[in-house]
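[1] Need coordinates for the below:
(one chain, ligands or ions: 1)
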Amino acid sequence: PRAAHGELRAPRDLTASPFLAAARGRRPARLPVWFMRQAGRSLPEYRALREGVPMLKALFDPEMIAEITLQPVRRLGVDAAVFFSDIVVPLVAAGIDVDIVPGTGPVVAAPVRDADAIARMPELDPARLEPVIEGTRLVVDRLGETPLIGFAGAPFTLASYLIEGGPSRTHERTKALMHSEPALWHDLAARLAGIAVTFLRGQVEAGADAVQLFDSWAGALTLREYREFVQPHSARVLAAVADLDVPRIHFGVGTGELLPAMRDAGADVVGVDWRVPLDEAVRRLTANGEPTPVVQGNLDPALLQASWPVIEAEVRRIAAEGRAAAAHIFNLGHGVPPGADPEVLTRIVELVHSLEP
Ligand code: CP3
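    From the prediction side, this is the model:
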């Protein structure tokens, strides 16, 4: 029977989870693997369920959330589920007019660009997230011994969507605000940090076993910009869930120059994209005598379209390089593209599981 928030729920036995062992820095019994964006358009059962259902409707429907989160776990045999939601969900719940446009991504009706708009940014009342958190509870009750990863968008990546009004390659307005109006920037980023904390705490309190903070577009920043304008806000988000005692993964694309700074923000696991080999990522993360990190990554999603011998060689190379870390969680270097073949993903999971952790 479904347990409501706060009620006693039969505790799940996750002691054998290779994903959680690795995320906590221990050598797991087998090399764990999950895929960012594993729940989504690459799966025919996802496309069937979403037929005629707008994205935002699905994202606030507890049964949809639960079913879509479970689909890749059933089909692919991955070692963790990732909550079916989106980084803009807490913004929508807070009352900000954001749509998710197919093929484009989040689009903001009234971009947040000046002092007035920033001052009007609503706070997120946790009650507004209730259908989403109900979805988390349903997932947890149905997952059995597979851990659930909750997530949130980091303040910079969320701010970029709000300021630019949609996806941006250059993040021009965001960087302009940051440098020209630093006080306004910090005000906006602090508000977004608060929203991310509410979203993450809700998921973990409802049973998520780990969290990932997505700062997908942080790679557009210099190290100096990151340290000054972004790291303090992401650090606040990660610190605000430290008491919940779940491993915290921190990921962005193109962040080779930022890896130590992203670790310093408070990550237990550093996500690495395909541009930096994992052994090189470990070198960068230990350059000043820091402890050997746990890393996650980093097969290039584009190579999912390559021939199997190419993919197999890449998976073996990445697993070997990952052995330089304290522990390695296998993943792609970014999300599963909509055109990926789920059979290839399944085959990768089987191969990863046959390799030495
Ligand atoms: O499987 C999972 O990883 C969980 C689901 C998930 C979604 N979004 C569902 C989704 C996760 C973790 C996200 C996070 C997210 N959303 C990020 C960070 C991760 C990353 O990829 O860097 C970002 C930047 C977004 C913003 C966003 N939402 C984009 C860029 C898009 C793609 C737009 C498109 O159509 O190509 C979305 C939409 C979105 N979020 C989809 C899904 C399954 C596709 C929409 C659909 O199915 O109609």
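[2] Just the CA atoms of the longest helix anywhere in the chain, as PDB, please.
    Secondary structure of the chain per DSSP state H: the longest helix is helix 182-205. Provided in PDB are the C-alpha atoms of helix 182-205 (Å, rounded to 0.1, in the frame of the first residue of the first chain):
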ATOM      1  CA  PRO A 182      26.500  41.900 -10.000                       C
ATOM      2  CA  ALA A 183      24.100  42.800  -7.100                       C
ATOM      3  CA  LEU A 184      21.100  42.000  -9.300                       C
ATOM      4  CA  TRP A 185      22.700  38.800 -10.600                       C
ATOM      5  CA  HIS A 186      23.400  37.600  -7.000                       C
ATOM      6  CA  ASP A 187      19.900  38.400  -6.000                       C
ATOM      7  CA  LEU A 188      18.400  36.400  -8.900                       C
ATOM      8  CA  ALA A 189      20.900  33.500  -8.400                       C
ATOM      9  CA  ALA A 190      20.100  33.400  -4.600                       C
ATOM     10  CA  ARG A 191      16.400  33.200  -5.300                       C
ATOM     11  CA  LEU A 192      16.900  30.300  -7.800                       C
ATOM     12  CA  ALA A 193      19.100  28.600  -5.200                       C
ATOM     13  CA  GLY A 194      16.200  28.700  -2.800                       C
ATOM     14  CA  ILE A 195      13.800  27.200  -5.400                       C
ATOM     15  CA  ALA A 196      16.300  24.400  -6.200                       C
ATOM     16  CA  VAL A 197      16.700  23.600  -2.500                       C
ATOM     17  CA  THR A 198      12.900  23.300  -2.100                       C
ATOM     18  CA  PHE A 199      12.700  21.000  -5.100                       C
ATOM     19  CA  LEU A 200      15.600  18.800  -4.000                       C
ATOM     20  CA  ARG A 201      14.500  18.500  -0.400                       C
ATOM     21  CA  GLY A 202      11.000  17.600  -1.400                       C
ATOM     22  CA  GLN A 203      12.300  14.700  -3.600                       C
ATOM     23  CA  VAL A 204      14.700  13.400  -0.900                       C
ATOM     24  CA  GLU A 205      12.100  13.700   1.900                       C
END
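[3] For this structure, which residues are neighbours of the ligand?
    36-41, 50, 55, 82, 84, 86-87, 100, 102-106, 151, 214, 216, 335 (CB under 6 Å from any ligand atom). For every residue, glycine as well, the C-beta is placed using N, CA and C.
[4] Filter the residues you listed down to the ones in helices?
    Residues from those lying in helices, with DSSP H as the criterion: Arg50, Met55.
[5] Return the subset of the residues of the chain next to the ligand lying in strands.
    Using DSSP state E, the subset of these located in strands is Val82, Ile100, Gly105, Pro106, Phe151, Phe214.
[6] Let me know the pLDDT of Arg113.
    We note a pLDDT of 95 for Arg113 in this prediction.
[7] repeat for Pro1
    So Pro1 comes in at 35 (pLDDT).
[8] for Leu14, same thing?
    Looking at Leu14, its pLDDT stands at 95.
[9] wait, is it part of a helix?
    No. Read with DSSP: H, G, I helix; E, B strand; the rest coil, Leu14 is coil and lies in no helix.
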